[in-house]
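Asks: Let's see this in three dimensions:
(chains A and B)
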There are 2 protein chains.
Amino acid sequence: MRELRVCHIIGKGCLMSSLPASPGGAVPSETPNFVAFDDFLKLDLRVAKVLDVTEHPNADKLWLLKIDLGTEQRQLCAGLRGYYTREQLLGKNIVVVVNLAPRTMRGQISQGMLLAASSDDKSKVIILTTDADIAPGSKVT
Amino acid sequence: MRELRVCHIIGKGCLMSSLPASPGGAVPSETPNFVAFDDFLKLDLRVAKVLDVTEHPNADKLWLLKIDLGTEQRQLCAGLRGYYTREQLLGKNIVVVVNLAPRTMRGQISQGMLLAASSDDKSKVIILTTDADIAPGSKVT
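Replies: The predicted structure is shown next:
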């Protein structure tokens, strides 16, 4: 715990002494403690293609997505029904954390978590995608 | 350690018993152990807009990106010079891990890591972006 704090302070010092002043200002006070690169490497992020989109039978905010990960297909529950139509999602490349333990959401299995950007008030939710096409299952780093 | 293994096995069993057989087959043997959701939450992923792109003076594979994170601007070193031109990156929304400790790469500070998908042999590298525009600094979850 103490080690993490020391690292954080050194990191900030390094950053501030090495950079010219920027119009956006310094690192905001809400910046969380730094994480180790190994923490990032623990996560397995992959590109997936959306093969099918159906309504979750018991949750009106959730889509059930059938996705292609290259070597396998999976089902995700995604809270996108207020933001994306079925047609907008079909065929899209999405980005998924594939090594979270599967969880059941109102009776349906969700085998991963789709990544999306959102505004603070959640009025806007925009999924991540790839800048150009790449094979399903491609690793994200 | 034992707890993690048990979780992994339960996860697999749950997954296989709840899903119809898929053409892609079961979870591949190289699937890593599951990570906890808290491990994902440690990472701070944000949308950033690319404001400027210049050549790294000492590394011919690296671009120096000036990025807007809403409340601040930062510099990233990105190994994209073989894959993206300056013009292809300018103005683009990218996705950045913002709470890794800054590191110096051949004399230039890199204050975050851009996310990109790549083929196994690295012949293809495609950056992640947003499916539609959203404010720089928007949180990714």
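Asks: CA atoms for contacts and neighbours, from now on please.
Replies: Noted.
Asks: hmm, the longest strand anywhere in chain A in reach of chain B?
Replies: The residue-count maximum for a strand in chain A (DSSP state E) belongs to strand A:45-55. Yes - Strand A:45-55 lies within reach of chain B by CA under 8 Å from any CA of the partner chain, at A:46-47.
Asks: likewise stretch A:78-94?
Replies: No - figure legend: stretch A:78-94 not in contact with chain B (CA under 8 Å from any CA); closest approach 9.1 Å.
Asks: ok, back up a step: who does the longest strand of chain A touch, helix- and strand-wise?
Replies: Secondary-structure packing of strand A:45-55 (3 or more CA pairs under 8 Å, 6 or more residues apart in numbering or on different chains; DSSP states H and E): strand A:63-68, helix A:86-89, strand A:93-97, strand A:139-140.
Asks: helix or strand right after the third one?
Replies: It refers to strand A:93-97. strand A:103-105 (DSSP states H and E).
Asks: Which strands and helices lie in contact with that next one?
Replies: By 3+ CA pairs under 8 Å, 6+ apart, strand A:103-105 packs against strand A:108-110.
Asks: Can you find the helix or strand of chain A with the lowest average pLDDT?
Replies: The weakest-scoring helix or strand in chain A, judged by mean pLDDT, DSSP states H and E, is helix A:2-18 (a mean of 30).
Asks: next one: the next helix or strand along the chain from that helix to chain centre, how far?
Replies: Downstream of helix A:2-18, the next assigned helix or strand under DSSP H and E is helix A:37-42. In terms of CA atoms, centre = their mean, to the nearest Å, the centre of helix A:37-42 is found 15 Å from the chain centre.
Asks: And stretch A:118-125, end to end?
Replies: 4 Å (CA to CA, to the nearest Å).
Asks: and if you look at stretch A:128-141?
Replies: Note: stretch A:128-141 ends 14 Å apart using CA to CA.
Asks: tell me which residues in that stretch are buried?
Replies: A:128-131, A:134-141 (16 or more other CA atoms under 10 Å in any protein chain shown).
Asks: try stretch A:100-117
Replies: A:100-103, A:108-117.
Asks: I'd like the distance from it to the chain centre, please.
Replies: Worked out by CA atoms, centre = their mean, stretch A:100-117 lies 12 Å from the chain centre.
Asks: Not counting it itself, show me its contacts.
Replies: Defining contact as CA atoms under 8 Å, 6 or more residues apart in numbering or on different chains, one finds that stretch A:100-117 is touched by A:56, A:58-59, A:74-78, A:94-99, A:125-128, B:7-8, B:11, B:14-15, B:18, B:34-37, B:46-47, B:130, B:134, B:138-141.
Asks: and what of stretch A:54-69?
Replies: Against stretch A:54-69 from outside (CA under 8 Å, 6+ apart): A:46-53, A:73-82, A:86, A:106-108, A:136-137, B:24.
Asks: can you narrow the buried residues of stretch A:128-141 to ones near chain B?
Replies: Answer for the buried residues of stretch A:128-141 near chain B (CA under 8 Å from any CA): A:128-131, A:134-135, A:138-141.
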